[in-house]
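# need coordinates for the below:
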Amino acid sequence: MIKDIVKQWENNKGKLEEYFRTTEQKDYSEYEDILIATFKYVLTGKKYNTKRLTIVDDGEYQGMRIFIIPMDTYQPYIDEYLFTYVDYGSCSGCDTLQAISDYEDGLPNEGQIKDYMTLAMHMVQRMKKWGDMED
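Got it, this is the predicted structure:
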């Protein structure tokens, strides 16, 4: 994990929790929605360009989604990319996000908020700079 990102998580995670508490689940029904909200509310130090988010997903009913996020700069260098990932499945029994939402669109309950926060935290914990992959 990147120390600066962990510090931002600790300092700002309450803002993300408030977002989940006050926003209907349909607005973050995809993993990338949660990742983008995490950057918007938590990872506010260095600016990353979530509009240029790249998603690698070679699965069909199950697999892994890899997210590549560049810094908000002109022609980012290799060290200016972050990546993280999630594993997913095809049903609420094998997919974390579907299990949390329970196929609902309204405001989440307290248990769901806690689970969304855990999911976001896991994406943060998996973040690495692209250039650090050689380590």
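# the one residue sitting closest to the centre of the chain is in what secondary structure piece?
In the chain, the residue lying closest to the centroid (Cα atoms, centre = their mean) is residue 35, at 2.4 Å. Following DSSP states H and E, one finds residue 35 within helix 31-41.
# next, the buried residues of that helix.
31-32, 34-39, 41 (16 or more other Cβ atoms under 10 Å). Placement of C-beta: from N, CA and C, glycine included.
# other SSEs contacting that helix?
Counting contacts by 3 or more Cβ pairs under 8 Å, 6 or more residues apart in numbering; DSSP states H and E, helix 31-41 packs against helix 3-22, strand 63-70, strand 81-88, helix 110-125.
# any idea which of these gets closest to residue 132?
Residue 132 lies closest to strand 81-88 among the helices and strands packed on helix 31-41, at 9.7 Å (Cβ to Cβ).
# tell me the angle of that closest one relative to helix 31-41?
When axes from the mean of the first three to the mean of the last three Cα atoms, to 10 degrees is applied, the directions of strand 81-88 and helix 31-41 differ by 140 degrees.
# got a list of contacts for strand 81-88?
2, 31, 35, 48, 59, 62-71, 95-97, 119, 122-124, 126-131 (Cβ atoms under 8 Å, 6 or more residues apart in numbering).
# if we can go back for a sec, what residues of the helix or strand that the helix holding residue 35 is followed by count as buried?
Following helix 31-41 in sequence order, the next helix or strand is strand 54-57 (DSSP H and E). Judged by neighbour count using 16+ other Cβ under 10 Å, strand 54-57 contains no buried positions.
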